[in-house]
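> output the structure for:
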Amino acid sequence: MRTYDERPALSFSEDSRHFRFHYEKTGDDAVSPTDNDNNNIPDYIEFMAAEFENVYTKEINNLG
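Numbers count the residues shown, from 1 in each chain. Model (predicted):
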């Protein structure tokens, strides 16, 4: 059992402009494998990256 401050070792990562997303493609901790554009990045990861960038733009660029 991991403690709350231990980071899991995940097999995959994907970078957006400002963030890095770590994830698994298989097992209990896997994201949905759906990949409609067949770029080997799960759609969920692409969606989350876009949403994080939208929030960053609003918070940092628009609100200062």
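
> can you pull out the strands in the chain?
When secondary structure is read from DSSP state E, the chain shows strands at 12-15, 20-23.

> give the buried residues for the first one.
Meaning strand 12-15. Buried residues in strand 12-15, counted by 16 or more other Cβ atoms under 10 Å: residue 14. To be clear about C-beta, it is placed using only N, CA and C from the backbone, and glycine gets the same treatment.

> quick one: mean pLDDT for stretch 44-61?
Stretch 44-61 shows a mean pLDDT of 96.

> just the buried positions in it, please.
Buried residues in stretch 44-61 (16+ other Cβ under 10 Å): 44, 45, 46, 48, 49.

> need the nearest residue in space to the last one, chain neighbours excluded.
It stands for residue 49. residue 16 (3.9 Å; Cβ to Cβ, 6 or more residues apart in numbering).

> and residue 11, how far is that from residue 29?
Counting by Cβ to Cβ, to the nearest Å, the gap from residue 11 to residue 29 is 10 Å.

> pLDDT score assigned to the residue nearest the centre of the chain?
Geometric centre of the chain, nearest residue: residue 21, 3.4 Å, by Cα atoms, centre = their mean. Looking at residue 21, its pLDDT reads 95.

> and if you look at residue 4?
pLDDT at residue 4 comes out at 73.
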